[in-house]
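In: give me a 3D structure for the following:
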Amino acid sequence: MNTRKFAVLPGLLFVMLQFLFVNSYAQGPFKDFERMEGTRYVHPVIDRSDSLSAREIVELRDSEGIPVWFGRDIFKNVCLTGECRMVRLRIYWNGAANYLGIKINENEPLTKTDHSVFSQEDYQKLDRILADSLSMLKRLVMKDLTVERKNESKYRVDGITGATQPTIFESVVRNAVYTTYTLWHTVYGPTRDLIRSILDEPANKEYLQRLFARQNPLYLIWTIDYIARHPQYHSIFYPEIIKCIKSNDYELFQKSVGYFTPASLTNESVQNDLAMVAGEPSVLNRYEILRKFSALPHISDDAILIFLEHYEKQKISAGLLGYVLDLVRTENLKNDLIGKKLKKLSRDKNLYVRNLAKEKLSGAKI
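Out: Residues are numbered from 1 along each chain as shown. Predicted coordinates:
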């Protein structure tokens, strides 16, 4: 994919052109992404699914070459049958290809079925809807959006006959159901796929190292996804992904734990490192880590010992210890250190722990 870098304009000329460019779009409730500092690049795109929108995606990169946002001017006909309207706006995606915001042309505000202009509250609701990648709009097609009204010859909603389905009221802007639907599917459609392909282009060891150094959940989530798709980087970066498990960002925590598949955990060193991080006080859900081990055909003795030591040092609860003891297999019971720790647990002050340890020992000659 070809990329053109914007030329840097001298002094006053640059300021004047930037002012004209930025102010051709109204702010509404949205941040002015055009005023962010960085270097802009233009990516020509071929999008056969959308012949009306701009044929280029603009990218803003910071001083280290990390993407800040991507933007594309969108021109869409919003209708099914009957009356149609053209929607013109600019959509922005962040440096990980997630929805960031929109900017509306001040001369062409979004309008509703009755031709009234979107209010500030309407724009704010639209922004929340577009930010929801799991919206129920994902599962719907156009015909699902309305129901026929009995005893009425016409009930026009975004240019078609019908009334909005009651089940989707919270997922659309009132009297703008087709506008909302069209924009949501534009945000999560082919343009996003094109941005993802652009993001993959500069990725190499050095680039991934810069992203990990940022310690920004936004970039880390994308980086983990990239490494999952390019396993040649696993041995280099899996320790960094394990560190991400300690994040207090729940989405990053889920992404980093989810990265470790049974295939990657066949390596005992990886098992041990993952078991070690389970004792960190910042971990949001230790059970998620233990659940990863439950699907493994073999668990290293060292990993079992690490989990048992977590309980001894009060880093995990008695309840979680029950899951740990479920992980102990017959081959693990042959390890003398594991046997000694189980005997110690059989005398634990906690009755629940004592019974679990005795039950585990009863299955082995220790």
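
In: next up, the contacts around residue 227.
Out: 208, 233, 234, 237, 241, 259 (C-beta atoms under 8 Å, 6 or more residues apart in numbering). Where C-beta positions appear, they are placed from N, C-alpha and C, glycine not excepted.

In: quick one: residue 313 from residue 279, how far?
Out: 7 Å (C-beta to C-beta, to the nearest Å).

In: quick one: which of these two has more around it?
Out: Per other C-beta atoms under 10 Å, whichever of residue 313 and residue 279 has more neighbours is residue 279, with 18 against 9.

In: what segments of the stretch 1-150 of the chain are helices?
Out: 11-22, 120-130 (DSSP state H, counting those that start in this stretch).

In: please apply the same query to the stretch 251-366 of the chain.
Out: 268-277, 286-294, 301-312, 318-327, 336-345, 351-362.

In: what does the second one contact?
Out: Outside helix 286-294, the residues that touch it by C-beta under 8 Å, 6+ apart are 245, 253-254, 257, 260, 265, 271, 274-275, 277-278, 283, 299, 303, 307, 316, 320, 323-324, 326-327.

In: nearest residue to the middle of the chain?
Out: Centrality entry for the chain: nearest residue to the mean C-alpha point is residue 221, 6.6 Å, by C-alpha atoms, centre = their mean.

In: that one contacts residue 251, doesn't it?
Out: Yes. Assessed by C-beta atoms under 8 Å, residue 221 is found in contact with residue 251 at 6.4 Å.

In: residue 323: how many residues sit nearby?
Out: With other C-beta under 10 Å as criterion, residue 323 counts 17.

In: can you tell me the closest non-neighbouring residue to it?
Out: residue 290 (4.6 Å; C-beta to C-beta, 6 or more residues apart in numbering).

In: flag every buried residue along stretch 341-354.
Out: Using 16 or more other C-beta atoms under 10 Å as the test for burial, stretch 341-354 gives 341, 342, 345, 346, 348, 353.

In: CA atoms only: put that stretch into CSV for me.
Out: What follows is stretch 341-354, C-alpha atoms only, in CSV (Å, rounded to 0.1, in the frame of the first residue of the first chain):
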residue,chain,number,x,y,z
LYS,A,341,4.0,-29.4,51.1
LEU,A,342,0.8,-31.5,50.9
LYS,A,343,1.6,-33.2,54.2
LYS,A,344,2.0,-29.7,55.7
LEU,A,345,-1.3,-28.6,54.2
SER,A,346,-3.0,-31.7,55.7
ARG,A,347,-2.3,-30.1,59.1
ASP,A,348,-3.4,-26.6,58.0
LYS,A,349,-5.5,-24.6,60.4
ASN,A,350,-8.2,-24.3,57.7
LEU,A,351,-10.4,-27.4,57.8
TYR,A,352,-11.3,-27.1,54.1
VAL,A,353,-7.6,-27.1,53.2
ARG,A,354,-6.8,-30.0,55.5
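
In: for the longest strand seen in the chain, buried residues please.
Out: In the chain, with assignment by DSSP state E, the single longest strand is strand 67-78. Neighbour-count burial for strand 67-78, counted by 16+ other C-beta under 10 Å, picks out 67, 68, 69, 70, 71, 72, 73, 74, 76, 78.

In: show the pLDDT at the third one.
Out: Which is residue 69. Each residue has a pLDDT score; the one for residue 69 is 97.

In: how far away is residue 326 from residue 270?
Out: Counting by C-beta to C-beta - residue 326 and residue 270 are separated by 20 Å.

In: that should have said residue 210, apologies.
Out: Residue 210 is 24 Å from residue 270, by C-beta to C-beta.

In: comparing the two, which residue is more hemmed in?
Out: residue 270 (20 against 13).

In: can you pull the contacts of the more buried one?
Out: Counted by C-beta under 8 Å, 6+ apart, residue 270 has contacts 238, 260, 264.

In: so what's the second one closest to, chain neighbours aside?
Out: When you say that, I think you mean residue 260. residue 292 is the one closest to residue 260 (C-beta to C-beta, 6+ apart), at 5.6 Å.

In: try the first one
Out: Once flanking residues are discounted, residue 238 sits nearest to residue 270: 6.2 Å by C-beta to C-beta, 6+ apart.

In: report pLDDT for the one you found.
Out: 97.

In: show me the shaky parts of the stretch 101-250 of the chain.
Out: Within the stretch 101-250 of the chain, the stretches with pLDDT under 70 are 146-167.

In: what segments of it are strands?
Out: Here the stretch 101-250 of the chain has its strands, by DSSP state E, counting those that start in this stretch, at 146-147, 156-157, 160-161, 163-164.
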